[in-house]
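Asker: Output the structure for:
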Amino acid sequence: MNNVFSFFEEVPVGAASIAQAHRAILCKRNNEEIDVDNEEVIVKIQYPEVADFFRKDFNNIELATKLMFPDNLKIVKSLRKRHKNELDFRIEADNLQECTLNL
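Answerer: Numbering: from 1, shown residues only. Down below sits the predicted model:
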């Protein structure tokens with residue numbers, strides 16, 4: 001943490017269903033494209049149990065769908081994949097960078 005952030009606020013500024021957000025200040029990074037010092041950022045931290053709850057919930061949804069609405073199983077599997085991507089904050093970061101470049 002000390003190699004990445006010169007400051008990290010332990011009290012979150014916000015929280016949602018899968019993560020909470022903290023204010024932080026980046027340390028200077030000379031070995032990357034970005035050469036900033038004291039850049040304020042928001043760091044999203046995923047709750048540790050979220051991925052396990054997600055997996056269990058979708059296992060149950062898939063089982064119920066197989067039993068009651070088997071024709072909809074493809075949709076449920078598609079939703080699982082889409083929501084699994086929501087748990088990977090690297091994908092979100094890539095999307096934010098792409099949006100930034102497009103603006």
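Asker: ok, the spatially most central residue of the chain - contacts?
Answerer: For the chain, the residue nearest the mean C-alpha position is Phe89 (3.0 Å; Cα atoms, centre = their mean). By Cβ atoms under 8 Å, 6 or more residues apart in numbering, Phe89 lies in contact with Ala19, Lys44, Gln46. In short, each C-beta sits where N, CA and C put it, glycine included.
Asker: neighbour-wise, which of the residues you listed leads?
Answerer: Neighbour counts for the contacts of Phe89 (other Cβ atoms under 10 Å) peak at Ala19, which has 19 neighbours.
Asker: re the thing from before, CSV for the contacts of Phe89, including pLDDT, secondary structure and distance to Pro70?
Answerer: Below are these laid out as CSV (pLDDT from 0 to 100; DSSP: H, G, I helix; E, B strand; the rest coil; distance: Cβ to Cβ, whole Å):
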residue, pLDDT, secondary structure, distance to Pro70
Ala19, 95, strand, 34
Lys44, 94, strand, 37
Gln46, 95, strand, 32
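Asker: Nearest to Thr100 among those?
Answerer: Taking Cβ to Cβ as the measure, Thr100 sits nearest to Lys44 out of the contacts of Phe89, at 16.5 Å.
Asker: now the residue nearest to the centre of the chain: how far from Ser6?
Answerer: According to Cβ to Cβ, to the nearest Å, Phe89 stands 21 Å off from Ser6.
Asker: Next: Glu40.
Answerer: 10 Å.
Asker: quick one: which of these two has more around it?
Answerer: Applying other Cβ under 10 Å to Glu40 and Ser6 shows that Ser6 carries more neighbours, namely 14 against 10.
Asker: Surely that one is within a helix?
Answerer: No. Read with DSSP: H, G, I helix; E, B strand; the rest coil, Ser6 is strand and lies in no helix.
Asker: show me what contacts Ala16?
Answerer: So Ala16 contacts nothing (Cβ under 8 Å, 6+ apart).
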